[in-house]
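1. Quick one: sequence and predicted model below, then my questions.
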Amino acid sequence: MFFMVAIANAQKAENIIIITTDGFRWQEVFKGMDSSIANDPQYNQDDSSYIFQNYWSNDEKERRKKLMPFLWSVIESKGQIYGNRGYDNKVNNANPYKFSYPGYSEIMTGFADTSINSNSFPPNPNVTVLEFFNQQPRLKGKVAAFGAWEAFDRILNEKRSGIPVMSSFDAAGGKNPNANERLINAMNKDSYRPFGEGECLDVFTHYAALEHLKTKKPRVLYIAYGETDEWAHGGKYRSYLDAARQVDAWIKKIWEFVQSDPQYKNKTALFITTDHGRGDLIKKEWRDHGKDVVDAYQIWFAAMGTGIPAKGEIKDNMQLFQDQFAQTIAKLIGITYKAKHPVSPEIKSVLGK
Ligand SMILES: [Zn+2]
């Protein structure tokens, strides 16, 4: 019996998939849609009936499940979900800025580097956990990243790290795109660009990443969706909720593929989070984040898969920080991330300790 427990604890994932959806609030993750925002004609895109039909229930647990059905079924039963401040389960940005580049850098470096204070910051001087993975002999050339936002080229220091970072309107498939990649690239190129040249629609990032997963079989894959943040800034609550529900549906598709493929099945960990929160105390601030939006440091994360015991929604009083994610991600695949900058320790409860 003791021996069996020891074996189970020692189990590590061989592959990891990291997923972020930009600026998606813990409030919607744990409580579902907010009826006061949905009822406000400034935010409901003249279609509150659509929002209520799709996402409303008087029961909070049913309501959040309507928004994120995969999170609140499979991940809840097989994984762990952190950040419900209703139980004082707190996950915070350690960086003081509460916007994207500092947040993604904190996730990927395990370090709140206060010199990183702008979204137009040059290529990351710090070596991210993804770059560190790509330096390990068993993972070299098996790390890839797909992000809707162009800044991921700099956040992950594509040039120095050698990791392919397919961001915004970059073509997928490198020099030899397959037929699916050629179609994805053509559609992305010709698509509607509501967010300008710096960010594509999530659908293109998703399908390019899924194609890479299926055909190139990376050991480490990072997918960064962006629409949740963009629609919130635009004050479009219906689109914000739709984008989140779509991300949840895509996570389901990714997991179904993982569990159907011999390289990945029962050998893969999934880590899902966000770069920053948004406002809440002052209602109109749901659109915003950044230094002056008081509650925008409040975030959440979820994890599921090999090496992650099923604990469901975590209801313990805890204070966790985003700068703990990088080492947690590394430990999930049995690696200790080392860097020249300080790296915060892993979250032991994710790993079952
Ligand atoms: Zn934003």
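-> Sure thing, it's come through.
2. alpha carbons only for contacts and neighbour counts from here, please
-> OK.
3. hey, where'd the helices end up in the stretch 251-353 of the chain?
-> Per DSSP state H, counting those that start in this stretch, the stretch 251-353 of the chain carries helices over the ranges 325-332.
4. can you count the residues close to Pro262?
-> 10 (other CA atoms under 10 Å).
5. Tell me the confidence at it?
-> Per-residue pLDDT puts Pro262 at 97.
6. Tell me if I'm right that Lys66 and Gln53 touch.
-> No. Contact criterion CA atoms under 8 Å: Lys66 and Gln53 do not qualify, at 10.0 Å.
7. Point to the helix or strand of this structure where mean pLDDT is at its lowest.
-> Least confident helix or strand, the chain: helix 2-10 with a mean of 49, by mean pLDDT, DSSP states H and E.
8. picking up where we left off before, more crowded one of Lys66 and Gln53?
-> Legend: neighbour count by other CA under 10 Å for Lys66 and Gln53, higher for Lys66 (19 against 10).
9. where's that one, which helix or strand?
-> Using DSSP states H and E, Lys66 falls within helix 60-67.
10. quick one: contacts of the helix or strand following that helix?
-> Note on helix 60-67: by DSSP H and E, the next helix or strand toward the C-terminus is helix 76-78. Residues from elsewhere that reach helix 76-78 (CA atoms under 8 Å, 6 or more residues apart in numbering): Met304, Gly305, Pro309, Ala310, Lys311, Gly312, Glu313.
11. out of the residues you listed, which are inside strands?
-> Of the contacts of helix 76-78, the ones assigned to strands by DSSP state E are Met304, Gly305, Gly312, Glu313.
12. If any of the residues you listed are buried, put those into a PyMOL selection.
-> Applying 16 or more other CA atoms under 10 Å to those, the buried members can be selected in PyMOL as follows:
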select buried, resi 304+305+312+313
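13. Farthest pair within the ones in strands among the contacts of helix 76-78?
-> Using CA to CA, the pair of those lying farthest apart is Gly305 and Glu313, separated by 15.0 Å.
14. Please enumerate the strands of the stretch 201-350 of the chain.
-> Applying DSSP state E, counting those that start in this stretch to the stretch 201-350 of the chain gives strands spanning 220-225, 268-273, 298-299, 301-305, 312-313, 318-321.
15. Many thanks, I have nothing further to ask.
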